[in-house]
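K.L.:
With the sequence up front, the predicted model follows.
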Amino acid sequence: MIPLRSTPLPPFRSGAEVRRRAAEALRPPSRIRVSEAAARHRRLNNPGAYVGPWRNEKTPYLAELMDRALQRDTDELFAIAPSQTAKTEIHLNICGHGIKYRPAEALLFQPTKDLAEDFAVRRITNKFLRPSPDLESELGPAKSDDNVMTKRFKNGFTLTVSWPSPAQLSSRPVQLVLIDERDRMADDIGGEGDPIALGRKRKQTFGRNGALVCTSSPSRIDGTGIIAHWPAGDQCLLNWPCPDCGEFWAPGFTAERKPDLTEAPGRLGDLRWDPNAGTPAEARETAYLECPCCAARITERNKPAMLREAVWLPLGVTISAKGERSGTPPKTRVASYWLTGLASPFQPLGELAEKFLAAQAHFERTGEENDLKTFFNTDLGVPYKPRHDGAAPLEPEALDARRGAYELGTVPAEVRFLTASVDIQNDRFEVLVRGWNETTESWLVDRYAIRTMPDGRTDVRPSRHPEQWDLLLDQVVRRSYPMADNPGLLLPVANTAIDTGGHEDVTANAKAFWRRARKAGVPDWRITLVKGAASLTARALPGPTFELDDRGRKMPGSSKMFVIGVHELKNTIDNRLRREEAGPGFLHYPVDTPERYFEELCGEIRVKGRWQRRGPNESWDLEVYAELARMRLRPERVRDWSRRPAWASVDDGARALAPAAQTRMPPPRRQSSFLRRGL
């Protein structure tokens with residue numbers, strides 16, 4: 001006999017059990033606050049930090065946010081806060097409340113697919129449900145109730161972890177929309193719009209029973225992201241009382257309710273330290289807060305008591321030293337909260353001072369702002385403003401003084417390794433070669449355009465003729481240059497960064513060239529294919545992306561593509577161009593550098609945090625890619641430059657890959673260095 005089903009029927013349930021489960025499903029929601037439910041049912045398991053029941057007194061500033069998120073007079077709640085403030089726990093505790101008391105469908109968004117999958121396993125399953133028997137026991141009995149990304153519970157509550165995509169943000173209605181780390185998400189989801197606007201549509205059907213909760217560290221200076229929703233809410237700031245005078249004040253904010261970023265020796269806003277501290281570690285030991293009312297010194301040991309007495313005050317409301325409130329808050333159904341890292345119970349004041357000074361020192365050495373950006377956005381909880389944002393644009397005349405004593409085509413003795421960068425134009429390859437020492441100080445070594453094929457008659461068209469890309473092998477990738485102090489020694493190009501965007505079919509041709517170069521014996525680390533990311537917050541050098549087949553799997557022999565944060569890289573180059581003295585990060589130029597090159601370096605200006613083109617900018621782009629090529633090599637790993645790594649070894653000429661004198665192509669005016677002979 002052929003069985004009717006491949007799996008056995010589940011065991012029969014008694015009538016009493018069926019009635020009990022039905023009664024649970026029909027039971028109206030209990031009137032219990034989210035913070036109370038967390039204290040009653042949630043347990044934490046963080047060995048080395050804390051293991052035990054959820055304690056609202058550990059993070060007292062979260063209780064109001066969790067409770068208010070589900071109130072009927074609140075449609076949306078936005079919480080701006082740095083890392084180390086437990087802001088993600090708001091979402092988890094709302095879900096815990098739903099599992100026990102409020103049946104609903106919840107959609108919890110993480111910025112990317114990878115982060116969503118990691119969050120579903122690490123945070124939901126391992127850190128949220130398993131340590132809390134009261135919550136884990138509520139999982140539905142069916143095997144399908146406990147999927148990786150979706151959990152269904154006995155009372156009807158359903159939690160789905162996802163990432164921003166048109167399918168998830170524009171399909172069926174959802175009562176609870178929870179968005180974590182908004183500023184790390186794209187502003188346009190598949191051409192459908194902003195994730196907040198799409199989330200509103202998802203909950204619209206439920207009216208006042210629906211809720212949208214969004215948390216994020218702020219990372220946008222152009223008014224987008226979570227900061228854009230701050231003015232629409234009631235703009236609550238955490239105020240705590242001074243232990244000396246008793247007056248309430250908001251740590252990290254001015255009296256005008258703006259982030260206090262005043263910098264001076266021994267000071268960053270309310271955060272102070274000994275200005276005579278010689279190192280960041282020494283500053284850590286002397287860090288404190290200064291009360292803006294009585295100038296009292298407030299140390300780390302005062303923070304727990306101050307947090308217990310702290311209150312959230314909306315715009316228009318003040319509080320006296322006696323705790324008496326006055327004023328009228330805005331009439332809005334949007335709740336908005338902002339907390340800085342100064343009030344975090346998990347981020348000591350000394351650690352903040354040390355991190356800031358270390359990031360500042362790194363910037364002064366290299367011109368790179370990533371450490372400062374990370375500190376302000378994720379440690380302090382305020383949008384980072386680039387150091388020279390708002391400064392007057394650089395002009396070519398100001399850069400003319402950087403001409404040195406060496407000439408194009410030769411490598412100064414201070415150089416340790418070379419990088420090349422290639423920009424693709426309709427009718428040419430634009431090329432720059434830069435030499436670097438171990439401290440990010442660098443020297444322009446060559447700048448030329450490849451316009452014709454070796455026959456001198458056929459024009460180069462990179463977007464139309466894939467085979468013409470092979471010119472880059474001998475004329476760029478395998479090129480070597482003589483050392484200025486010993487022309488018999490040749491230094492090869494270690495890495496070549498090639499831009500692949502902006503023109504039709506360029507990306508496909510670049511990937512095909514990468515594969516041919518690999519077959520020709522060029523290691524993959526010697527060629528870096530790059531494409532600029534649209535986001536202002538994209539990392540300068542993220543991990544590579546690969547070519548995928550129809551099933552989404554990496555194709556054998558796939559090329560590597562790096563979608564780079566050009567905004568961050570351009571800030572770095574701008575900072576280095578503004579350095580006035582030779583040293584780490586300084587950019588040197590040969591004595592025969594023409595004015596045209598400096599004009600192209602000034603081809604973009606920064607307007608409201610965004611770089612905009614104002615003229616020819618090929619050399620500017622090439623300098624950006626040159627820095628990317630340097631980062632790809634990771635020269636900071638080399639501890640002793642007296643023993644050069646293989647990619648920076650000097651050749652005696654007998655094994656030269658492609659000496660410069662052999663690769664400069666006739667006729668001179670068409671494709672040799674435009675810096676020497678003009679375009």
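P.N.:
All right, it came through fine. Residues are numbered from 1 along each chain as shown.

K.L.:
Mind listing what's buried along stretch 531-544?
P.N.:
531, 532, 533, 535, 536, 537, 538, 540, 541 (16 or more other C-beta atoms under 10 Å). For every residue, glycine as well, the C-beta is placed using N, CA and C.

K.L.:
which residues sit in contact with the fourth one?
P.N.:
Residue 535 sits next to 186, 565, 567 when contact means C-beta atoms under 8 Å, 6 or more residues apart in numbering.

K.L.:
Distance check, it against residue 150.
P.N.:
29 Å (C-beta to C-beta, to the nearest Å).

K.L.:
follow-up on the earlier one: so which of the buried residues of stretch 531-544 comes closest to residue 508?
P.N.:
Taking C-beta to C-beta as the measure, residue 508 lies nearest residue 531 of the buried residues of stretch 531-544, at 12.3 Å.

K.L.:
secondary structure element for that closest one?
P.N.:
strand 527-532 (DSSP states H and E).

K.L.:
Parallel or antiparallel, list what pairs with that strand.
P.N.:
strand 486-499 (parallel), strand 560-564 (parallel) (DSSP bridges).

K.L.:
Look at residue 374 and give its secondary structure.
P.N.:
Classification of residue 374 using DSSP: H, G, I helix; E, B strand; the rest coil returns helix.

K.L.:
number of nearby residues for it?
P.N.:
17 (other C-beta atoms under 10 Å).

K.L.:
That one: what's it in contact with?
P.N.:
residue 359.

K.L.:
Number of residues surrounding residue 581?
P.N.:
Neighbours around residue 581, by other C-beta under 10 Å: 5.

K.L.:
per-residue pLDDT, the closest residue to residue 342 other than its chain neighbours?
P.N.:
What sits nearest to residue 342 in space, not counting adjacent residues and going by C-beta to C-beta, 6 or more residues apart in numbering, is residue 251, at 4.1 Å. Note for residue 251: predicted pLDDT of 95.

K.L.:
these two touch, right, residue 251 and residue 340?
P.N.:
Yes: using C-beta atoms under 8 Å, residue 251 is in contact with residue 340, at 6.1 Å.

K.L.:
For the stretch 501-650 of the chain, just list every one of the strands.
P.N.:
527-532, 545-546, 560-564, 587-588, 604-607, 610-613 (DSSP state E, counting those that start in this stretch).

K.L.:
Can you lay out these as CSV showing distance to residue 33 and mean pLDDT?
P.N.:
As requested, the strands of the stretch 501-650 of the chain are arranged in CSV below (distance: least, C-beta to C-beta, whole Å; pLDDT from 0 to 100):
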stretch, distance to residue 33, mean pLDDT
strand 527-532, 47, 94
strand 545-546, 45, 87
strand 560-564, 44, 92
strand 587-588, 58, 95
strand 604-607, 47, 89
strand 610-613, 43, 89
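
K.L.:
do you know which of the ones you listed lies nearest residue 121?
P.N.:
Nearest to residue 121, of all those, is strand 545-546, at 23.1 Å by C-beta to C-beta.

K.L.:
starting at the chain centroid, how far to the closest one?
P.N.:
Here the centre of strand 545-546 is set off from its chain's centre by 19 Å, with C-alpha atoms, centre = their mean, to the nearest Å.

K.L.:
could you say what helices and strands it packs with?
P.N.:
strand 560-564 (3 or more C-beta pairs under 8 Å, 6 or more residues apart in numbering; DSSP states H and E).

K.L.:
Go again with 6 Å.
P.N.:
For strand 545-546, not one helix or strand is in contact under the criterion 3 or more C-beta pairs under 6 Å, 6 or more residues apart in numbering; DSSP states H and E.

K.L.:
Show residues contacting that strand.
P.N.:
Contact with strand 545-546 is made by 554, 558, 561, as judged by C-beta atoms under 6 Å, 6 or more residues apart in numbering.

K.L.:
Give me the phi and psi for the second one.
P.N.:
It refers to residue 558. phi -60, psi 140 (degrees, to the nearest 10).

K.L.:
from what I can see it touches residue 547, true?
P.N.:
Yes: under the criterion of C-beta atoms under 6 Å, residue 558 makes contact with residue 547 at 4.1 Å.

K.L.:
quick one: buried residues of stretch 462-474?
P.N.:
Buried residues in stretch 462-474, defined by neighbour count with 16+ other C-beta under 10 Å: 462, 463, 466, 468, 469, 471, 472, 473.

K.L.:
Quick check: which element contains the second one?
P.N.:
Per DSSP H and E, residue 463 falls between elements, in no helix or strand.

K.L.:
what's the spacing between it and residue 174?
P.N.:
Residue 463 is 45 Å from residue 174, by C-beta to C-beta.

K.L.:
Equivalent analysis for residue 235, please.
P.N.:
From residue 235 to residue 174 the distance is 27 Å (C-beta to C-beta).

K.L.:
okay, the two: which has more neighbours?
P.N.:
residue 174 (23 against 20).

K.L.:
Quick check: the more buried one touching residue 105?
P.N.:
Yes: using C-beta under 6 Å, residue 174 makes contact with residue 105 at a distance of 5.1 Å.

K.L.:
All set, thanks.
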